[in-house]
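S.K.: attaching a predicted model along with its sequence, questions to come.
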Amino acid sequence: MGLAWVVLLLGLWLWGRQVTDVAQGTSAPTTGDMAAVGRPPEVRLPPAVRPLGDALPQRIDIPGLGVQAPVVARGLDARGAVDPPPFDQAGAVGWYAGGAAPGAVGPALMVGHVDTETRPAVFYRLSSLRPGQTIRVVRDDGRIAEFTVDDVQVQARDQFDAQQAYGPRRPGRAELRLITCGGTFDRATRTYTANVIVSAYLTGSAGEPVRPHLARSAARSP
């Protein structure tokens, strides 16, 4: 398990270093994501609830951003980094299918583009989320996993910390991480200068299971 976690963190470190890349030919604007929000001390957060079973995510809803987006399973690319959705699916969110499912024990990882050459993408306003806001993930078992935002961070690309970004905050808890590009767009290197990382944890659920969850092997293909 220790070796597997080291390999996973290496791949995720590469993801964090490369997810800020922009496809050749694009020219994205700055995002305005310049500083971490963190957790204001006056925000009272609800208690975590018991994790759900395994099930595949189908849609993510972020009411505070007006986002309702399909979720697609993604794997690793040839370089060992998590492969985000292609730019022609900029309205979709990619879920790292090699990790935890949203609502199950552990941090479920989701990544989305901030913008494209011509328009904002699904996570354009991700940095405007605040602690206490709700994120919902619709699963294929009929359940809706309800998460509460814990904190919002902006990590500089050259100071990326995979353990802090993707490791569990509390053992045994169901957690969710949403990641996109942040900072400013460097036209010389064609990359963004930072990553926006939203951390949330399971605080409720709705719906009743309608069928057994799919085998985990079905989620492995990108």
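M.R.: Good, I have the coordinates. Numbers count the residues shown, from 1 in each chain.

S.K.: list the contacts of Ser199.
M.R.: For Ser199, the contacting residues are Val149, Asp150, Asp151, Val152, Gln153, Arg169, Glu175, Leu176, Arg177, by Cβ atoms under 8 Å, 6 or more residues apart in numbering. To be clear about C-beta, it is placed using only N, CA and C from the backbone, and glycine gets the same treatment.

S.K.: not counting sequence-adjacent ones, nearest residue to it?
M.R.: Leaving aside its sequence neighbours, Ser199 sits nearest to Asp150 (Cβ to Cβ, 6 or more residues apart in numbering; 4.7 Å).

S.K.: and that neighbour, how far from Val49?
M.R.: In this view, Asp150 and Val49 are 14 Å apart by Cβ to Cβ, to the nearest Å.

S.K.: of those two, who's got more company?
M.R.: Asp150 (21 against 16; other Cβ atoms under 10 Å).

S.K.: can you classify the more buried one as helix, strand or coil?
M.R.: strand (DSSP: H, G, I helix; E, B strand; the rest coil).

S.K.: wait, doesn't it sit right on Ala200?
M.R.: Yes - using Cβ atoms under 8 Å, Asp150 is in contact with Ala200, at 5.8 Å.

S.K.: all strands for this protein, in order.
M.R.: Applying DSSP state E to the chain gives strands spanning 57-62, 67-74, 93-96, 106-111, 134-139, 144-156, 174-186, 191-206.

S.K.: out of the ones you listed, nearest to Arg44?
M.R.: If you check each of these against Arg44 by Cβ to Cβ, strand 144-156 wins as the nearest, at 10.6 Å.

S.K.: can you dump the C-alpha atoms of that closest one in CSV for me?
M.R.: Provided in CSV are the C-alpha atoms of strand 144-156 (Å, rounded to 0.1, in the frame of the first residue of the first chain):
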residue,chain,number,x,y,z
ILE,A,144,-26.5,12.1,-4.5
ALA,A,145,-23.4,12.7,-2.5
GLU,A,146,-23.5,16.1,-0.9
PHE,A,147,-20.2,17.7,0.0
THR,A,148,-19.4,20.9,1.9
VAL,A,149,-16.4,23.0,0.8
ASP,A,150,-13.7,23.0,3.5
ASP,A,151,-11.2,25.4,1.9
VAL,A,152,-10.0,26.9,-1.3
GLN,A,153,-6.3,27.1,-2.1
VAL,A,154,-4.2,28.5,-5.0
GLN,A,155,-0.8,26.7,-5.2
ALA,A,156,1.9,28.2,-7.4
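
S.K.: next, the buried residues of it.
M.R.: Residues of strand 144-156 classed as buried by neighbour count (16 or more other Cβ atoms under 10 Å): Ile144, Ala145, Glu146, Phe147, Thr148, Val149, Asp150, Asp151, Val152, Gln153, Val154, Gln155.

S.K.: just the contacts of Ser199 now: which is nearest Ala162?
M.R.: Nearest to Ala162 out of the contacts of Ser199 is Arg177 (Cβ to Cβ; 11.2 Å).

S.K.: so the closest one bridges to which residues?
M.R.: Counting by DSSP bridges, Arg177 is bridged to Leu109, Ser199.

S.K.: relative to Thr116, how far out is it?
M.R.: As judged by Cβ to Cβ, Arg177 and Thr116 stand 22 Å apart.
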